[in-house]
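J.: no sequence for this one, just the structure:
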């Protein structure tokens, strides 16, 4: 009997579920795309900086 009462306590009220806002999948997909673009730009910037350091080091070493 106690397990029945315990399981009933964990159930959500149907009225609470209906009051929640709907999630627009397009907004979520756009957010993911935007984050991926930002990560790609950050990676390219990082690789560019590393490449620049290597080139400058090579120029200095060749002098």
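T.: Received it, and whenever you're ready, just let me know what you need. Note that the structure is predicted; figures quoted are calculated from it, not measured.
J.: for the protein, what are the low-confidence residue spans?
T.: 1-19 (pLDDT under 70).
J.: ok, longest helix in it?
T.: When the chain is scanned for its longest helix (criterion: DSSP state H), the result is helix 25-62.
J.: What residues sit buried inside it?
T.: Buried positions in helix 25-62, judged by neighbour count with 16 or more other Cβ atoms under 10 Å: none. (Glycine included, C-beta is placed from N, CA and C.)
J.: Can you spell out which helices and strands pack onto that helix?
T.: In terms of contacts (3 or more Cβ pairs under 8 Å, 6 or more residues apart in numbering; DSSP states H and E), helix 25-62 is packed against no helix or strand at all.
J.: so what's residue 42 up against?
T.: With contact set as Cβ atoms under 8 Å, 6 or more residues apart in numbering, residue 42 has no partners.
J.: Quickly note the distance from it to residue 30.
T.: 19 Å (Cβ to Cβ, to the nearest Å).
J.: same deal with residue 21?
T.: From residue 21 across to residue 30, the span is 17 Å (Cβ to Cβ).
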